[in-house]
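K.L.:
3D, please:
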Amino acid sequence: MRIQQTPCYILHSRDYRESSLILEIMSRESGRVSLLAKGAKRHKKQQGINFNLYQKYLMSWVSRSELGTLVDIELASLTTVLKPEQMITGFYMNEITLKLLHKHEPHPELFDAYNASIIQLSSNHSEQIILRYFEKKLLQSLGYGLVLDHDVQTGEAIVAAGNYYYQLDCGPSVTTATTGSNIAVSGKTLIELDHETLSDPENITEAKTLLRLILTQHLGDKPLASRLLYQSYLNNKKSV
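P.N.:
Have a look, this model is predicted:
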């Protein structure tokens with residue numbers, strides 16, 4: 001199978017032998033794919049390609065097995081420049097995408113959400129808000145979408161002034177569940193997360209707690225490398 005000039009982002013790369021790289025990419029048309037970039041480290045200066053994360057490329061490859069072979073790559077946009085904290089945010093997005101996305105399953109809507117998130121990061125939008133919307137769209141794209149617009153027990157619309165309990169495997173209700181895990185969350189947070197209008201710090205924090213608990217169900221309890229990196233970054237800033 002040969003794929004021609006499709007938009008892609010590199011989620012992770014690692015050295016292979018002396019001059020090559022193995023790339024874990026997310027492509028708009030083919031989903032998550034592993035590619036061997038032969039001679040990438042030797043030829044990148046001549047090609048003007050650095051195989052950077054958070055940079056959109058157009059890639060072509062051939063695939064005869066689980067590991068495809070990159071045959072062409074070029075920039076698909078202007079070079080993306082992120083600050084250190086923004087790169088850690090991007091690292092977190094890459095990590096949860098790699099952990100949850102199955103190979104060779106196209107999710108064009110998720111690719112578009114990722115692309116929009118990178119553009120917003122580079123434009124200095126709120127990192128916390130960008131992450132909440134990306135997490136929500138990632139879960140939705142994988143079939144784990146959140147119920148945010150109605151009470152799952154009564155069917156009534158969520159009221160901004162109301163207080164709810166979100167049962168992690170079901171959705172929000174005004175009454176706490178007798179079984180399973182649930183978390184208190186305001187109606188205002190649910191509505192703003194649904195409409196993507198988060199602005200108040202308290203609601204942003206509530207949305208973060210809710211999404212983190214739901215993601216943990218799918219990611220497991222093992223600490224994410226990106227969170228450890230972010231904590232190390234904060235500790236280093238304090239010591240300066």
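K.L.:
buried stuff in the longest helix along the chain?
P.N.:
Counting residues, the longest helix in the chain under DSSP state H turns out to be helix 201-219. Buried residues in helix 201-219, counted by 16 or more other Cβ atoms under 10 Å: 203-204, 206-208, 210-211, 214-215. C-betas here are computed from N, CA, C, even on glycine.
K.L.:
now the helices: where do they sit in this protein?
P.N.:
40-47, 84-100, 108-122, 127-141, 187-195, 201-219, 225-239.
K.L.:
may I see the ones you listed organised as JSON lines, with mean pLDDT added?
P.N.:
Below are the helices of the chain laid out as JSON lines (pLDDT from 0 to 100):
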{"stretch": "helix 40-47", "mean pLDDT": "67"}
{"stretch": "helix 84-100", "mean pLDDT": "95"}
{"stretch": "helix 108-122", "mean pLDDT": "97"}
{"stretch": "helix 127-141", "mean pLDDT": "97"}
{"stretch": "helix 187-195", "mean pLDDT": "98"}
{"stretch": "helix 201-219", "mean pLDDT": "95"}
{"stretch": "helix 225-239", "mean pLDDT": "77"}
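K.L.:
which one of the ones you listed lies nearest to Arg28?
P.N.:
Among the helices of the chain, the nearest to Arg28 by Cβ to Cβ is helix 108-122 (4.2 Å).
K.L.:
which parts of that closest one are buried?
P.N.:
Result for helix 108-122 [16+ other Cβ under 10 Å]: buried residues 110-111, 113-115, 117-118, 120-122.
K.L.:
kindly reformat these as JSON lines containing distance to Asp221.
P.N.:
Listed next are the buried residues of helix 108-122 as JSON lines, based on distance: Cβ to Cβ, whole Å:
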{"residue": "Leu110", "distance to Asp221": "24"}
{"residue": "Phe111", "distance to Asp221": "28"}
{"residue": "Ala113", "distance to Asp221": "26"}
{"residue": "Tyr114", "distance to Asp221": "25"}
{"residue": "Asn115", "distance to Asp221": "30"}
{"residue": "Ser117", "distance to Asp221": "25"}
{"residue": "Ile118", "distance to Asp221": "28"}
{"residue": "Gln120", "distance to Asp221": "30"}
{"residue": "Leu121", "distance to Asp221": "27"}
{"residue": "Ser122", "distance to Asp221": "32"}
